[in-house]
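A.B. asks: just coords:
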């Protein structure tokens, strides 16, 4: 009796462990992606079968902000942050600038946009819209109550 009891305890523990591992899913090898859509397939297509959505992490873009700032350049980093290498001839970068992707929809928050030359008055803008086939058209509102648009091309 003692021998069967000694064998039963490890067997029950092994079965319990196998049952519990089915209750949660480990992230894919290489780590989870932050700031991007978890449903994006490795081939760059979405899991909805359309195949037209690429993972935008690590891509660089140039474009126009609200028709007023025509020469902006930025990179959508893999960690979910945005690096602006050009904003009307200046470097404009804040660690609070972030982005996320869900299919072909992208959302960006750009912080500390200056109202005046001194930079003392500033506001944040949250934009969302489509980003597919190498172009993005985003629109949204700023904390100043204004409506804003961003148009950009990849590359």
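C.D. replies: Done, it's in. This is a predicted model, so every value here is computed, not measured.
A.B. asks: And the strands in this structure, which stretches?
C.D. replies: With strands called from DSSP state E, the chain shows them at 59-65, 69-76, 82-87, 98-102, 105-114, 122-132, 135-142, 147-154.
A.B. asks: The longest one: partners in the sheet, and parallel or antiparallel?
C.D. replies: If I follow you right, that is strand 122-132. Sheet pairing of strand 122-132 (DSSP bridges) gives strand 105-114 (antiparallel), strand 135-142 (antiparallel).
A.B. asks: For it, list every residue counted as buried.
C.D. replies: Judged by neighbour count (16 or more other CB atoms under 10 Å), strand 122-132 contains these buried residues: 123, 124, 125, 126, 127, 128, 129, 131, 132. From N, CA and C alone the C-beta is placed, and that goes for glycine too.
A.B. asks: With mean pLDDT as new columns, can the strands of the chain be given to me in CSV?
C.D. replies: What follows is those, written out as CSV (pLDDT from 0 to 100):
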stretch, mean pLDDT
strand 59-65, 94
strand 69-76, 90
strand 82-87, 91
strand 98-102, 94
strand 105-114, 90
strand 122-132, 92
strand 135-142, 95
strand 147-154, 94
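A.B. asks: Pretty sure residue 71 sits against residue 88.
C.D. replies: Yes. Between residue 71 and residue 88 there is a contact at 6.0 Å, judged by CB atoms under 8 Å.
A.B. asks: Just give me the closest of the buried residues of strand 122-132 to residue 62.
C.D. replies: residue 131 (13.7 Å; CB to CB).
A.B. asks: Pull the number of nearby residues for the nearest residue to that closest one once chain neighbours are set aside.
C.D. replies: Leaving out its chain neighbours, the residue that sits closest to residue 131 by CB to CB, 6 or more residues apart in numbering is residue 106, at 4.1 Å. Burial measure for residue 106: 24 neighbouring residues, criterion other CB atoms under 10 Å.
A.B. asks: How about residue 82?
C.D. replies: Residues near residue 82, counting by other CB under 10 Å: 21.
A.B. asks: How confident was the prediction at the closest residue to it other than its chain neighbours?
C.D. replies: Here the nearest residue to residue 82 in space, its sequence neighbours aside, is residue 97; by CB to CB, 6+ apart that works out to 4.1 Å. pLDDT recorded at residue 97 is 94.
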